[in-house]
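Participant: below are the sequence and a predicted model; questions follow.
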Amino acid sequence: MQMVNFFGKKIDVRSFLSKLFLTATLISLGVFVFLPTFYLISFTFLGWDEVYREVFANPLIGDEHWQQIKGILIFSFRIALIAVLIDILIGIPLGYILARKNFRGKGVVEDLVTLPLVIPTSAFGFATLITWTTIAGIGGFLGLGRGLVELNYVVPIIKIPFLILIVHVTLTFPYVVRIFKSKLEELNPEFEIASRSLGASVFTTFRSIVFPQALPGLFSGVVLAFARSLGETGATIIVAGVNTTASIAIVKWELEFKIAPASFLGFLLILIASSMILPVEYFVSRERSISSLPNLTEILRIEKYLLKFEKTISRKLYWVKEVVSFIFIGICVILPILVVLNSVILYWSADPYTGKIEGGVIYQLFGPANYFKSLIRATAVSLIVAAVSTYISVCIGIATAITIEKYRFCRAIRSLLKVPLVVPTSTLGLSMILLWGPKGLGLINPGIWLIILTHIVFSVPVVVESALASYEGSDVEVYEEAARSLGATPYDVAETVTLPIIKRGIFTGAILSFTHSLGETGATFIVMGRDATVSTLVVNMVEALAIPAALFASTYLIALSLILLFVFRKISK
Amino acid sequence: MINIKLIGVTKRFGTITAVDNIDLNVERGEFFTILGPTGAGKTTTLKLIAGLLKPDEGEIYFDGQLVNDVPPEERDIGFVFQGYALFPHMTVWENVTYGPLVRGMDPEKVERIGREILSKVHLLERADSYPHELSGGMQQRVALARALASGSKLLLLDEPLSALDARLREELRFELRNIVKETGATAIQVTHDKYEALQLSDRIAILRKGKVVQVDTPVNLFTKPNSIFVANFICDMNFFEGIVKKVDEEGSIIQLRGGLLVKTLDRTHKFGERVVVAIRFEDVEIKPEEVEHPYSIYGKVERISFLGPFIRIEALLDNGEEVSVKLPATIGYRFELGDRITVNFEPTKIIVYSYPRAGLAEELIVE
């Protein structure tokens, strides 16, 4: 098809349209996703003089900020490291059970593993808090008359606050389990049968056959879990007590207008996150490089003893992995939710211990504080933000997914899109406000629009990834070629073949980004201005010590995410 | 070298009985094949022997020892998989020595075994390659070497040649048999390819719907199939329904559809009984014109297929039934489409079966 343009030159309409599509996609990706993600880097460089003065050579406090940043970073890294190690210990057996075993109630266990991904983190943090530290939780259950542990109880040896650790492990282990499990499912079970027929016990088979092949999956899961732990804000801010992690420090400093140290810390976090995810992406894409890893047990000359040991535990201790996994899920996922539900009922009309109606849920909701009104308003904000940001993300996401599949040179975008996923959300919020807000371009003031823009940044990668996964999982290219051979134009193909086939993947992505948006706390806190969302409202309630109101809001959020989980499950099956 | 015995073995998956009360006895050093159509329970039987599945009923003995509760890694078996299941993250050498290593053999012994077995399959110089760098035939040999490397006395082969193309498959058949026979291991093979089974095996068990139909040497199976199912599955045969019209010392006369009469040597069926007359494609006598004879049947050539050294002629008989005839190409070229022909069934070549309860068509289903 040909057409004449303004200057009388002939142009090919089809190639013109496809170029237009490509340009539009790349521009919107750049403006909405990559610019905010990487803006903090250039901001730090451009304002380096000021950053340097504030952080390293403050006339009053010298390099106190730098010392703080160092301390906070090391603290955050220690937490993330320990949390990830525990994730691995729980994630490997749990992933293996879910991938290889069939049992009654497997669907429920899978849902419970997904739950921490969709549950609003502030509500979950609050649930964990009351479960461990108050009389309404385990302590009261055991008849102690107080909470089981103190708020600031520090685990000996590793020296990490207990509550922060437990929250981080619970919120990050699903990444390890889910990715490791899907990698195992890809793996042909025949390899395991072959190994066992050659005389290897179940454990030996796992160590020498399954594990090396599933290692890429474990790696990507671990990196996501690590990044998530570094960036976790919503739950941490509630259980942190006197401690400060990197993402909380950014929120705090931003609220205290200490922009320079906040942006420098954010800059470091973005650098760390991208330098972690990009090499792993590369490593994982070249799967065979893993086989070149040396065999440790042979080097150490313990192979023989190991074999015997593995044989014994294969026979006698095979049940341990099931028991440990299920106890962990029970205590860390189910128990907090039950405690919150139970407490809401207990506190419904009045404080059950003092009998004061001021301590009851009803009084706080409808009394002078009128939290009910703020809750309704916050719900409206949350739903609008989630709906609008999801809609825009789906539009950009579909275009991006098609672009990545069609143009070879766009493949790198896929790896780059992993960066917004691992950038700590409070850092992202800071970047957003510096870019669009009054101190930057001055286009958008903190408020609902800035929240929407922020949520788009981390929603687009989720939509793109699940659309691509379903594209690659269903041989779409064959059908597209068939459609082209039957005379369909590229546009017809996209509309009648590609989109209907990957519809399910897009739906899954949309639901995930909707729930993510609903529960996001770290970035929203910074960019929300006066338009609080439900998840940030929970944080505000806890800080205002309006515990019954927080209980109600948490229950409400958990119920909402359970409904979404149900929808998610219906669609992804 | 061990002997394997299955007594009354049954395996169910939910409501489906995959293996139904099977008895098998595999002799020491025998190359035994389990042959049957898809879904007959062949692979399930093999997995039961390997210990990868546990029987719901019945006993499995290795050399007189009950092994029902022995896990696969302690049964000392070699298993060759349909897709080979070569570990992709290990080299040929690592794959082959995996069994000896995990069984805790000394490094020197492992080294020696690895060399020995790889040179036996002519792949020593490819020891450092990864499986994906090898051709299909080489991968097959690595899989075989790996299964044999731990010195197992029982080799289980699940459609070992099916992933190869037709020509290579024929070449490797004998190599497979030779290597196995050299090691002296007892081998149990599962396949749905009858030519493979007939060429390779010492004895064959025919499985159908989870039950053993016949166990015999290839020659006996071919010449004396004990049922219509086996006859149809192993040999290319024509089947005609009929009724016994007369029985005497010489044999019987059977009336087919349309009143055609066939003379047979069979005396096991009574007068008036419903029977099925079976005759191999290659045993049908055919003449390119109408010849008068008491038991002649006339027809017309409907289709001619050229099979290289043979020609298959399908003809429509005057009674409305079809008959297939296989002729050497040198004779077959005389026939043309539409020719009138005379067909004769030689009484010594005819096998007569009782009419099956489920009907003839049901017995002829091989899928």
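Facilitator: That came through fine.

Participant: drop to CA atoms for contacts and neighbour counts, all remaining ones
Facilitator: Fine.

Participant: next, count neighbours for residue 339.
Facilitator: The chain I'm using is chain A. Using other C-alpha atoms under 10 Å in any protein chain shown, A:V339 has 21 neighbouring residues.

Participant: wrong one, chain B
Facilitator: Neighbours of B:D339 under the rule other C-alpha under 10 Å: 16.

Participant: chain A versus that one, what's the distance?
Facilitator: From B:D339 across to chain A, the span is 44 Å (C-alpha to the nearest C-alpha, to the nearest Å).

Participant: interface residues of chain B facing chain A?
Facilitator: B:50, B:52, B:72-81, B:85-87, B:89-90, B:98-99, B:102-104, B:147, B:150 (C-alpha under 8 Å from any C-alpha of the partner chain).

Participant: next one, pLDDT for the nearest residue to A:H168 once chain neighbours are set aside please.
Facilitator: Sequence neighbours aside, A:S229 is the residue nearest to A:H168 in space, at 5.8 Å (criterion: C-alpha to C-alpha, 6 or more residues apart in numbering or on different chains). Reported pLDDT at A:S229 in the predicted model: 88.

Participant: for A:S229, what are phi and psi?
Facilitator: Per-residue torsions, A:S229: phi -70, psi -40 (degrees, to the nearest 10).

Participant: number of nearby residues for it?
Facilitator: 30.

Participant: show me the contacts for it.
Facilitator: Taking C-alpha atoms under 8 Å, 6 or more residues apart in numbering or on different chains, we find A:S229 in contact with A:I79, A:A80, A:A83, A:H168, A:L171, A:T172.

Participant: which of those count as buried?
Facilitator: A:I79, A:A80, A:A83, A:H168, A:L171, A:T172 (16 or more other C-alpha atoms under 10 Å in any protein chain shown).

Participant: farthest pair in these?
Facilitator: With distances taken as C-alpha to C-alpha, the most widely separated pair in the buried ones among the contacts of A:S229 is A:I79 and A:L171, at 12.8 Å.

Participant: can you list contacts of the helix or strand harbouring A:T536?
Facilitator: For A:T536, the host element (DSSP states H and E) is helix A:534-543. Helix A:534-543 has contacts (C-alpha under 8 Å, 6+ apart) with A:120-123, A:126, A:234, A:237-238, A:375, A:378-379, A:381-382, A:518-521, A:524-525, A:547, A:549-550, A:553-554, A:557.

Participant: sorry, back to before: from chain B, how far off is the residue nearest to A:H168?
Facilitator: As judged by C-alpha to the nearest C-alpha, A:S229 and chain B stand 32 Å apart.

Participant: and A:P212, by the same measure?
Facilitator: Separation of A:P212 from chain B (C-alpha to the nearest C-alpha) stands at 7 Å.

Participant: part of a strand, is that residue?
Facilitator: No - judged by DSSP: H, G, I helix; E, B strand; the rest coil, A:P212 forms no part of a strand; its state is helix.

Participant: for burial, what's the neighbour tally of it?
Facilitator: 16.

Participant: so what pLDDT did it get?
Facilitator: 82.

Participant: just for the stretch 451-573 of chain A, where's the confidence low?
Facilitator: By pLDDT under 70, the low-scoring segments of the stretch 451-573 of chain A are A:572-573.

Participant: how about it: which residue is closest to chain B?
Facilitator: Residue nearest to chain B within the stretch 451-573 of chain A: A:G473 (21.4 Å; C-alpha to the nearest C-alpha).

Participant: return the residues in contact with that residue.
Facilitator: Not one residue lies near A:G473 by C-alpha under 8 Å, 6+ apart.
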